[in-house]
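Participant: Sequence and predicted structure are below.
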Amino acid sequence: MFIGDKIKIVKVLNKQIAISRYKIEKSKYPKNKSGDLLTIQINNDGENQIIFTGSDYLMDQIKQVEESDMPFQTTIIKNGEHFEFT
């Protein structure tokens, strides 16, 4: 279960956050190539929050993280037209 307020991804751009879990599922409103939706549970300044995104780039990157490496620290940046973890 994901806990916390839903926030827009732009609220945490260029800020260090901790990602504790994620889920990828088919989107009810597909707007991206994959038709998937990424739900991310983050901790931002001690507060649990939830981000929803259709970013295929973020999905591809987060799939490479082993569950044993959770939680992990990262920063989400905007690179051109897409978001990515650094």
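Facilitator: Arrived safely.
Participant: make it CA atoms for all contacts and neighbour counts henceforth
Facilitator: Fine.
Participant: quick one: Gln61 and Asp5, what's the gap?
Facilitator: With the distance defined as CA to CA, to the nearest Å, Gln61 ends up 24 Å from Asp5.
Participant: no, scratch that, I was asking about Leu13
Facilitator: To Asp5, Leu13 is 17 Å away according to CA to CA.
Participant: neighbour count winner among these two?
Facilitator: Leu13 (16 against 12; other CA atoms under 10 Å).
Participant: I figured the more buried one was touching Asn79, is that so?
Facilitator: No: contact criterion CA atoms under 8 Å: Leu13 and Asn79 do not qualify, at 10.9 Å.
Participant: Lys26: how many residues sit nearby?
Facilitator: Neighbour tally, Lys26, other CA under 10 Å: 12.
Participant: same question, Ile24
Facilitator: Ile24, neighbours per other CA under 10 Å, totals 16.
Participant: just Ala18 next, same as before
Facilitator: Neighbour count for Ala18, taken as other CA under 10 Å: 18.
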